[in-house]
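Asker: let me see the structure of the following:
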Amino acid sequence: MRKNILSGAKWENIVGYSRAVRLGNIIEVSGTVSADGDLIIGKNDEYEQTKFILKKIENSLIQAGAAITDVVRTRIYVKNIKNWNEVAKAHAEVFSRIKPATSMVEVSSLIAPEFLVEIEATAIVSTK
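Answerer: Below you'll find the predicted structure:
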């Protein structure tokens, strides 16, 4: 059974996507940036953006019936790989015990120039 998790962001209808999709025990969370409505959280600060993004991802997982501990993979896109340690610090604060598989890739740009980080996540909910 498929469950689409919507955040209400205007982009969901414009682009045609869901914040997250749960299919069975698998949850895919879309690329997430540090937007709160029209407000950008953590301007010019990779650490603050990453913290906010991971909280948004956690909230999406909760809506899908999962927890942050169910995450098995993250994909991190950054505009400046030289600042990877700020992103890694925030990621480790959430995932140091969980240790999901991950990637961090530098990209030339994200959807808006103020966004420095975008993260996707995959979670698998135990069927025990």
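Asker: least confident secondary structure element in this protein?
Answerer: Within the chain, no helix or strand scores below helix 10-11, which has a mean of 83 by mean pLDDT, DSSP states H and E.
Asker: now the helices for the protein?
Answerer: With DSSP state H as the definition, the chain shows helices at residue ranges 10-11, 46-63, 84-95.
Asker: looking at the ones you listed, which is nearest to R73?
Answerer: R73 sits nearest to helix 84-95 of all the helices of the chain, at 10.7 Å, using CB to CB. C-betas here are computed from N, CA, C, even on glycine.
Asker: residue ranges for the strands of the protein, please.
Answerer: 2-5, 20-23, 26-32, 35-36, 39-40, 71-78, 101-106, 117-124 (DSSP state E).
Asker: helices or strands up against the least confident helix or strand of the chain?
Answerer: For helix 10-11, there is no helix or strand it packs on, judged by 3 or more CB pairs under 8 Å, 6 or more residues apart in numbering; DSSP states H and E.
Asker: who's in contact with that helix?
Answerer: Y17 (CB atoms under 8 Å, 6 or more residues apart in numbering).
Asker: give the contact list for V105.
Answerer: R75, I76, Y77, V78.
Asker: contacts only, for E114.
Answerer: Contacts of E114 by CB under 8 Å, 6+ apart are I40, K43.
Asker: now swap in Y17 and tell me
Answerer: Y17 neighbours (CB under 8 Å, 6+ apart): W11, S30.
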